[in-house]
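Novice: After the sequence you'll find the predicted model.
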Amino acid sequence: MYKRQPKKRDKKNILKWIYISFFCLISTWLIVSIVLQKNPTEILSSAFSKIPTPSDSQNKTIILQKDSIITALEKELSDCRSSGSFAKAIVIIEGNSLNMRSEASLNSAVVMKIPASSEVEIMFYDTETYYLNGQAGQWCRIRYAGTQGWVWGNFLREI
């Protein structure tokens, strides 16, 4: 006797139902936003938001705290600059000179070449740690012969 086999679903039929479902979902979303007189993105954010957002007063408090920290650090930096009490270092390299650059990057322009064993003033170190030839280090803002620039901090030894 002949057995009837179930029909396989056609891919086009499945895609058609996906499109219809998607259309109904978006239409419902837009109709709800019209009825509630809200922006459609507000509807989504209120429906799916689980992270509480800080109030304006909380944001102002956080900003004031960060501003006070920045102000204190700026004062310390200006005190350090005015006192001229920068740390001193010696350039320790295998070659004849060390490139002082305009920015903390190997791609930036070379401002001047500092001879090996020269004394420089360390203004500050960059906060980021980078890797050069497999060694971790930081860029260092220095002053040499009245010129300021950046050098790789691993080539300096503080004295």
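Specialist: Looks like it arrived, so ask away.

Novice: Need the nearest residue in space to the residue most central in space within the chain, chain neighbours excluded.
Specialist: By CA atoms, centre = their mean, the chain has its centre lying nearest to residue 128, at 10.4 Å. Distances taken as CB to CB, 6 or more residues apart in numbering place residue 138 nearest to residue 128, at 6.9 Å, with adjacent residues excluded. The C-beta positions use only the backbone N, C-alpha and C, and glycine is treated the same way.

Novice: SS state for residue 14?
Specialist: helix (DSSP: H, G, I helix; E, B strand; the rest coil).

Novice: Can I get the helix or strand of the chain with the lowest mean pLDDT in CSV, CA atoms only?
Specialist: Within the chain, no helix or strand scores below helix 40-48, which has a mean of 76 by mean pLDDT, DSSP states H and E. The C-alpha trace of helix 40-48 is given here as CSV (Å, rounded to 0.1, in the frame of the first residue of the first chain):
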residue,chain,number,x,y,z
PRO,A,40,9.9,54.8,19.2
THR,A,41,13.4,54.6,20.6
GLU,A,42,12.0,55.7,24.0
ILE,A,43,9.5,52.8,23.8
LEU,A,44,12.4,50.3,23.2
SER,A,45,14.6,51.7,25.9
SER,A,46,11.8,51.7,28.5
ALA,A,47,10.8,48.2,27.5
PHE,A,48,14.3,46.7,27.6
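
Novice: Give me the next element, helix or strand, following the helix ranked longest in the chain.
Specialist: Across the chain, the longest stretch assigned as helix under DSSP state H is helix 56-83. Next helix or strand after helix 56-83 toward the C-terminus (DSSP states H and E): strand 87-91.
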